[in-house]
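Student: Could you look at this predicted model? Sequence included:
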Amino acid sequence: MTVASSTTSASVIGPSWALVVAAVLVSGLLLAGPALRRRYPVAWWLLLGFPAVAFRVIHTWRPLMAGCGLAVSRRPALTVVSGLVGKGAPPPQPRVPRCGLIRPTSRGFVLLVRLLPGQVPEDFVKAAPAMAEGWQVHAVRATSWKPGIVRVVASAADPLAAPRVPKQRGPGHLLRVTVGVLETGAAWVLDLRRVPHWLIVGATRSGKSTLINALVAGLAPQPVALVGIDCKGGMELSLYEPRLSALATNREQAVRLLAALVGMTLDRMTVCRTARVRNIWGLPDEERPVPVVVIVDEIAELFLVASRNEKDEAQAAGTALIRLAQLGAALGVFLVVAGQRVGSDLGPGVTALRAQLGGRVCHRVADPGTAEMALGDLNPDALKAAQAITPEQAGTAVLASGDGWERARSHLITESEAEAVAAEYAHLTPVLSELHLEAP
């Protein structure tokens, strides 16, 4: 009898203590939540934030799909049969797209959705803002994943508000630089081997110079040559002069430097043809010429003309840039062209050059024509997103290429930091005698 009582007592106390311990743990997490969120945002999201949002997604999935017009009614015949068989029972509920497993990420979650017959990914793109509101997250992006399947990516908070991207240490991957963070929370990486030429536009204090600082700081430790063209007297790019193999500070110098770069590219073409390879990456390491990254700041200064002589110089500069863009990717010459204003009014050369620059970065701009020039030919949604950037969002940009578009924010690299990095790696500056700028 005594044994039975103690067994019963233990069976009651055991679950009770388990409930108490669970309650204490949950209470502790809730009380420590704000501090945990500030100091360890990823841990807070995985422990507390994601379970709550996942429950909200599951709970609201059917009404949200119906409210967004993504539910499909049953066939009328099935409704009639259901009414006859069920003797007045309510008709079957509409069909909704099937939601897959909700997988957490460090700053949000990802899920795959199977489309119903007749649906297209654009239906989910239009419904993304409503999903963000219904799930109480910062943003939702829907993209086509596979035929019949849409990938939905949600960001719990705005990762662009305070990007935490570690500074690159050491050379890293050749011609690959982490310059900031994407809206999804992933690193913003500029890979010149994948997208060789870039156009960067932005008004004053929009973040354009900060992005160039981050790019140069990432390239400086690498075995590459950096070449600058800054027709505003070198006010911007002279910060990196210790790490530059050549710097042109006016249009006359720029024309000579670009002509020398074209000549160097043609010489590399001859080397590749002799070695029977299609690009410099097919050459042995000891024979491969050093990659060259050409940074052009304020492209409008190259194209604005006030006299016949300036017109000839502008045309020569434009032609040389277009040739470098056409030939450079295979021969190790890469272009990064930046400007506050880039419009078709600068001449047909700008439009022809834009077509060769596959990567685009658009910060806040002062005129709609510049945003149209940067993104209009790639994606209308990207153009709208760029035009919505406010002056308070310095550093925020829309980047686009043939692979799609993203919102991003560059990592803050100050002028003094960029200057220090250029001085630190000045000993790595290749000497390219063919790019001398002495007057003829």
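Tutor: Sure, I can see it.
Student: Just say helix, strand or coil for the closest residue to S106 other than its chain neighbours.
Tutor: Leaving aside its sequence neighbours, S106 sits nearest to V42 (Cβ to Cβ, 6 or more residues apart in numbering; 4.9 Å). Every C-beta, even on glycine, is put in place using the N, C-alpha and C of the backbone. Per DSSP: H, G, I helix; E, B strand; the rest coil, the secondary structure class of V42 is helix.
Student: Which pLDDT does the model give V42?
Tutor: We have a pLDDT of 80 for V42.
Student: give me the number of residues near it?
Tutor: Burial of V42 is recorded as 14 neighbouring residues (other Cβ atoms under 10 Å).
Student: Surely it and T105 touch.
Tutor: No. Taking contacts as Cβ atoms under 8 Å, V42 lies outside contact range of T105: 9.4 Å.
Student: What part of the chain, helix or strand, is modelled with the least confidence?
Tutor: Sorting the helices and strands of the chain by mean pLDDT, DSSP states H and E puts helix 76-85 at the bottom, at a mean of 50.
Student: C-terminal to it, which secondary structure element comes first?
Tutor: Downstream of helix 76-85, the first helix or strand assigned by DSSP states H and E is strand 98-99.
Student: Partner strands of that next one, with direction?
Tutor: Note on strand 98-99: by DSSP bridges, its sheet partners are strand 108-114 (antiparallel).
Student: Show me what counts as buried in the partner strand.
Tutor: 108-113 (16 or more other Cβ atoms under 10 Å).
Student: Tell me how many other residues crowd the closest residue to E236 other than its chain neighbours.
Tutor: Of all residues not flanking E236 in the chain, D297 sits nearest, at 4.8 Å (Cβ to Cβ, 6+ apart). Using other Cβ under 10 Å, D297 has 23 neighbouring residues.
Student: isn't D297 right up against Y240?
Tutor: No. Contact criterion Cβ under 8 Å: D297 and Y240 do not qualify, at 10.5 Å.
Student: Name the residues contacting each of those two.
Tutor: Residues touching both D297 and Y240 (Cβ atoms under 8 Å, 6 or more residues apart in numbering) are G228.
Student: Would you list the phi and psi of T396?
Tutor: phi -80, psi 140 (degrees, to the nearest 10).
Student: just V153 next, same as before
Tutor: Dihedral pair for V153: phi -120, psi 120, per degrees, to the nearest 10.
Student: So that it lines up with my notes, have the first residue be 44 from now on.
Tutor: Got it, first residue is 44 now, which makes that one V196.
Student: now it: how far from E460?
Tutor: 32 Å (Cβ to Cβ, to the nearest Å).
Student: Counting neighbours, go ahead and name the busier of those two.
Tutor: V196 (19 against 15).
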